[in-house]
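Novice: have a look; sequence and predicted model below, questions after that.
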Amino acid sequence: MLAHNHPSGAAEPSRADEYLTQTLISALKLIDVTVLDHMVVGHGEVVSFAERGLM
C-alpha cells in the first residue's frame, strides 16, 4: 500500500499522483511486489485509488 498527504488539505488525487502511482506499480512488478492501494490523505479525508478504480 502507498500513501501520502497533500499539505493543501485537499485529498483529491492530482494527475501527477495518478502518473506516479502507475509508474510505481510498473516498477514494483519487476520485483514481484503488488500494490494494493494508494491513499491520498487530506484534512479529515482519505481518497483510495482502488475504490475509485484508478489502479
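Specialist: Sure, I can see it. Numbering: from 1, shown residues only.
Novice: list the contacts for the spatially most central residue of the chain?
Specialist: The centroid of the chain falls nearest to residue 38 when counting by CA atoms, centre = their mean (3.0 Å). For residue 38, the contact set (CB atoms under 8 Å, 6 or more residues apart in numbering) comprises 1-3, 13, 17, 21, 24, 48-50, 54-55. C-beta coordinates here come from the backbone N, C-alpha and C atoms, glycine included.
Novice: low-confidence bits of the chain, can you list those?
Specialist: Under the criterion pLDDT under 70, no range of the chain is flagged.
Novice: helices of this structure, residue ranges please.
Specialist: With helices called from DSSP state H, the chain shows them at 15-29, 49-52.
Novice: and the gap between residue 47 and residue 28?
Specialist: Distance from residue 47 to residue 28, counting by CB to CB, to the nearest Å: 21 Å.
Novice: those two - which one has more neighbours?
Specialist: In this view residue 47 and residue 28 are compared by other CB atoms under 10 Å, and residue 47 has more residues nearby, 18 against 13.
Novice: okay but that one is in contact with residue 10, surely?
Specialist: No: under the criterion of CB atoms under 8 Å, residue 47 is not in contact with residue 10, lying 9.4 Å apart.
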